[in-house]
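> here's my sequence, what's the structure:
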Amino acid sequence: MVTFPGTLDDQDASRAVRNAGGEAVPLWHADHDLRGVDAVFLPGGFSYGDYLRCGAISRFAPLMEELIPAARAGLPVLGTCNGFQILCEAHLLPGALTRNEGLHYVCRDQRIRVERNATPWTSDFTEGQELLLPVKHGEGRYVADAATLTELEESGRVLFRYVGGNPNGSMNDIAGVSNEAGNVVGLMPHPEHAVEELTGAPGVDGLGFFTSILKRFANL
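Here you go, the predicted model:
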């Protein structure tokens with residue numbers, strides 16, 4: 001779990017990993033050491049106060065100098081909300097996250113549909129399955145040029161799509177995408193906030209992200 005100044009959800013992400021049966025390893029933004037982790041989670045929040053653009057400063061954090069080449073070499077990386085924004089700013093994922101279409105902050109439980117499950121982070125889901133996950137963002141509108149959108153759709157790199165309403169105006173109702181290799185995944189909803197029944201709705205629909213990645217290493 002990477003913590004930047006302004007990160008809010010690192011402890012939630014750590015608890016999600018533990019609930020799934022894994023070991024959560026804290027990573028500090030100012031270090032140059034990935035500590036031998038098998039996978040990296042970039043959690044939500046307001047890294048560096050969202051100055052310039054969301055994720056724009058985090059992209060240049062010392063730890064990212066290690067993470068970017070590792071991700072390009074195949075290290076599994078998941079970014080949610082601000083983490084998704086950072087991955088786009090680092091050019092590990094295509095497109096960008098911009099101001100919500102309605103120019104208002106959105107905080108609600110949101111249904112998304114699994115469009116593809118053939119990644120290390122999504123294998124415990126079934127294609128067409130609907131998940132209920134929280135969203136909480138002011139800059140979550142996914143945008144990309146027409147050629148990029150076409151390539152994402154045709155290559156099966158749109159992993160999640162909003163259903164039952166689009167909370168931010170994302171193009172093609174896109175809630176999450178992957179890189180070409182499938183090891184880097186970003187989405188705006190927060191699976192780390194939906195991993196235990198104790199808090200009631202939205203339940204445990206987010207747990208599959210963490211069980212998926214742990215099963216990948218169990219099966220190696």
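> which residues make contact with stretch 49-67 from outside it?
If you take C-beta atoms under 8 Å, 6 or more residues apart in numbering as the criterion, stretch 49-67 is touched by 2, 4-6, 27-34, 40, 46-48, 75, 77, 82, 85-90, 97, 139. Where you see a C-beta, it was placed from the backbone N, CA and C, and this is true even at glycine.
> swap in stretch 83-93?
Here stretch 83-93 has contacts from 2, 41-44, 47, 53-56, 58-59, 64, 67-68, 71-72, 77, 79, 94-97, 139, 176-179, 184, 186-188, using C-beta under 8 Å, 6+ apart.
> one more: stretch 195-215?
Contacts for stretch 195-215 (C-beta under 8 Å, 6+ apart): 15-17, 19-22, 38-39, 76, 78, 109, 119-125, 131-134, 190-194.
> and stretch 139-159, by the same measure?
Under C-beta under 8 Å, 6+ apart, the answer for stretch 139-159 is 50, 54, 81, 85, 94-101, 106, 114-116, 118-119, 122, 167-172, 174-180, 182, 185, 187-188.
> the contacts of stretch 83-93, buried ones only, as a PyMOL selection?
To isolate the buried members of those in PyMOL, using 16 or more other C-beta atoms under 10 Å:
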select buried, resi 2+41+42+43+44+47+54+55+56+58+59+64+67+68+71+77+79+94+95+96+97+139+176+177+178+179+184+186+187+188
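> of the contacts of stretch 83-93, which belong to strands?
Mapping the contacts of stretch 83-93 onto strands (DSSP state E) picks out 2, 41-42, 77, 79, 96-97, 176-178, 184, 186-187.
> show me the contacts of stretch 195-215 that map onto strands.
78, 109, 131, 132, 133, 134.
> who wins on neighbours among those?
Highest neighbour count within these: residue 78, with 30 neighbours (other C-beta atoms under 10 Å).
> just checking, that one touches residue 39?
Yes - Residue 78 lies in contact with residue 39 (C-beta atoms under 8 Å); the separation is 7.3 Å.
> rewinding a little: give me the buried entries from the contacts of stretch 195-215.
15-17, 19-20, 22, 38-39, 76, 78, 119-125, 131-134, 190-194.
> quick one: low-confidence parts of the protein?
199-201, 219-220 (pLDDT under 70).
> re the thing from before, mind putting the ones in strands among the contacts of stretch 195-215 in TSV, distance to residue 203 included?
Listed next are those as TSV, based on distance: C-beta to C-beta, whole Å:
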residue	distance to residue 203
78	20
109	9
131	9
132	7
133	10
134	11
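> what is the most widely separated pair among those?
The two members of those with the most space between them (C-beta to C-beta) are 78 and 109, at 20.0 Å.
> quote the end-to-end distance of stretch 45-60.
17 Å (C-alpha to C-alpha, to the nearest Å).
> gap between the two ends of stretch 2-11?
Start-to-end, stretch 2-11 (C-alpha to C-alpha) is 10 Å.
> so what touches it?
So stretch 2-11 is in contact with 1, 26-29, 40-50, 58, 61, 63, 67, 80-83, 190, 192-193, going by C-beta under 8 Å, 6+ apart.
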